[in-house]
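# what follows is a predicted protein model with its sequence.
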Amino acid sequence: MNKYIKRFCTAALSISVLFAAQGCDKYFDVGNNPNQVTNPNINNLLSTATHKTGINSRTFASFSSYYTQYLASPSEGSATDTYQITDLSGTWNQVYYTMADIYDMLKMAEEQEAHLHAGIGKLLMAYNLSLVIDTWNSGPYDEAFMNVESLYPTYQSGEQLYGIIGQLITDGLADLRRSDSKITLNSGLDLIHGGDINAWIRTGYGLQARHLNKISKKSTYNPTAVLTALDNSYTSAAHDMKLSVYVGNNPWASVAISNAGSLLGGWLSSHLIDHLNGTIYGFEDPRVGKITDKTVDGVYKGTQNGRGNVGAANTIKDECYISINSPVTSTTAPIYIMTYEELKFVEAEAALRASQAGRAYNAYLEGIRATMAKLEVPQADADAYLAHPTVAVGADNLTLDLIFKEKYVATYLHFEAWNDARRYDYAYAGFQLPYNAALNTFVRRVAYPVAEQTRNPDNVPGEEPLSSPLWWDRP
């Protein structure tokens, strides 16, 4: 482990212990945990890297879901709800610990000519680094991992890190195609794709499509390149990038269970519910009943962001919550990192921008079908929704508004939804600022962590308003 990460870990030892308790021991068991052995082998590191990546996906979504108004606090004036500055030191630490483990795996892979492990490691590094730039816009990378002498690494810009991520994906795909690896993947310790190299290659192209589509506001955006990547990516939900090995419950289900026990959390935003219950679009989306449960009043009702619960009491189920009855938040549901349905909407958007109306419309409809299937909506209800004249608009009438409307449902509780909201300028029908928001416009970034300002004060960039767009969020 390099000197920066050693110092980083020492400075945050108590947080690290907390992560170990909450991350591995609480609900997850990998059998051979590298944190419990002196000299982990490369497959031990693979298990740690895949596990932590899945957990990070959910951890970042746990705060961004308030910004996308999937979730709302039951308490009035909640800091996250109302765009106040919050300290995400724990989240920052967690993603950098993960990248340190991945870096160790990559070094070992190079030494042992374990090219398949190297390919997976580069894809995982790209994904975790993307979480950093999509949240904070910049961060240490080269000096944090490549220069072992740097105790106080400089920050690289979002644009620089975007280029590094793209190269990691390209190099990772090249490694995965090699046939001369000297070490075989342990399928039981690859906790995302079970050692299936073809699945990892598909995931690499999916990550590449996401990456290329993210710069849709830039003049360098190339929708044809996005479509080319998608041609090599997922063809069904069987290819989803997901973490599904647990000792206990899916962490979203744990929130729902705690909520039922009056430890409040997991309340669904009024915007999400109104998006689905007919308030905004005039007819009920059958997916609402597969995402949440009706209130004690027999209706679907959400909580307004910033206002909190306004009923007689906040424990009588008079508003909707995350549900353990939903296929995507049940006790045994996986953590979805990237899905087939999400990529169909990426395809629909890129094809529409490339003036390929037929391909765009087919991908749009398939994205809806796949989301219905993921949520286990009865076929008759799914067919009726797809036949509704405001949904079945025909290729010539498809718009970005319709694509983003449907993708919003498909990416429920995904961090990627916040990237979409910013690219779309929060233009969802009925989407409003939280009650008593601290900003006069929508949130675009998160403040740099207090812990990093303490550890590396000379290199942390000057703070910008939380309404200031990230690099890729500007023309």
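Looks like it came in fine. Numbers count the residues shown, from 1 in each chain.

# could you use CA atoms for every contact and neighbour count after this?
OK.

# helices or strands up against the helix or strand hosting residue 44?
Residue 44 is part of helix 42-67, with elements assigned from DSSP states H and E. Using 3 or more CA pairs under 8 Å, 6 or more residues apart in numbering; DSSP states H and E as the contact test, the elements touching helix 42-67 are helix 89-112, helix 115-136, strand 241-243, strand 335-338, helix 416-423.

# what angle sits between that helix and helix 416-423?
Computed with axes from the mean of the first three to the mean of the last three CA atoms, to 10 degrees, the direction of helix 42-67 lies at 50 degrees from that of helix 416-423.

# report the buried residues of helix 42-67.
Neighbour counts using 16 or more other CA atoms under 10 Å place 42-67 of helix 42-67 among the buried residues.

# with stretch 235-248 instead?
Counting neighbours by 16+ other CA under 10 Å, one finds that the buried residues in stretch 235-248 are 239-246.

# got the contact list for it?
26-29, 50-51, 54, 191-193, 199, 202-203, 234, 331-341, 370 (CA atoms under 8 Å, 6 or more residues apart in numbering).

# buried ones among those?
Neighbour-count burial within these applies to 27-28, 50-51, 54, 191-193, 199, 202-203, 234, 331-341, 370; the criterion is 16+ other CA under 10 Å.

# comparing the helices and strands packed on helix 42-67, which comes out most buried?
helix 115-136 (a mean of 24; mean count of other CA atoms under 10 Å).

# name the helices or strands packed onto the helix or strand just after that one?
Using DSSP H and E, the helix or strand that follows helix 115-136 towards the C-terminus is helix 158-176. Applying 3+ CA pairs under 8 Å, 6+ apart, we find helix 158-176 packed against helix 115-136, helix 197-213.

# so which of those helices comes closest to residue 226?
Set against residue 226 and scored by CA to CA, the helices and strands packed on helix 158-176 come closest in helix 197-213, at 4.8 Å.

# what sits against the residue nearest the centre of the chain?
Central residue of the chain (CA atoms, centre = their mean): residue 415, 3.0 Å from the mean position. By CA under 8 Å, 6+ apart, the contact set of residue 415 is 57-58, 60-62, 64-65.

# again, only this time at 10 Å
Residue 415 makes contacts with 56-65, 67-68, 131, 134-135, 337-338, as judged by CA atoms under 10 Å, 6 or more residues apart in numbering.

# so what's residue 424 closest to, chain neighbours aside?
The spatial neighbour of residue 424 that comes closest, neighbours along the chain excluded (CA to CA, 6 or more residues apart in numbering), is residue 404 at 7.7 Å.

# quick check: phi and psi on residue 268?
When read as degrees, to the nearest 10, the backbone of residue 268 gives phi -90, psi 140.

# how close does it sit to residue 256?
Using CA to CA, to the nearest Å, residue 268 is found at 11 Å from residue 256.

# okay, the two: which has more neighbours?
Shown here are residue 268 and residue 256; by other CA atoms under 10 Å, residue 268 has more neighbours (28 against 25).

# my guess is the more buried one meets residue 292, correct?
Yes - assessed by CA atoms under 10 Å, residue 268 is found in contact with residue 292 at 8.5 Å.

# poorly predicted segments of the stretch 51-200 of the chain, please.
The model of the stretch 51-200 of the chain has pLDDT under 70 over residues 147-149.

# do that again at 80, thanks
Within the stretch 51-200 of the chain, the stretches with pLDDT under 80 are 146-150.

# of all the helices and strands packed on helix 158-176, which lies closest to residue 144?
Short answer: helix 115-136, nearest of the helices and strands packed on helix 158-176 by CA to CA, at 12.0 Å.

# residues near residue 160, how many?
By other CA under 10 Å, the residues close to residue 160 number 15.

# ok, it to residue 166 distance?
Counting by CA to CA, the gap between residue 160 and residue 166 amounts to 10 Å.

# likewise residue 473?
Counting by CA to CA, the gap from residue 473 to residue 166 is 17 Å.

# compare these two (neighbour count), which wins?
Counted by other CA under 10 Å, residue 473 and residue 166 do not tie: residue 473 has more neighbours, with 21 against 18.

# ok, that one - contacts?
So residue 473 contacts 134, 137, 214-218, 419-420, 422-425, 444 (CA under 10 Å, 6+ apart).

# can we see that at 8 Å?
By CA under 8 Å, 6+ apart, the contact list for residue 473 reads 215, 217, 422-423.
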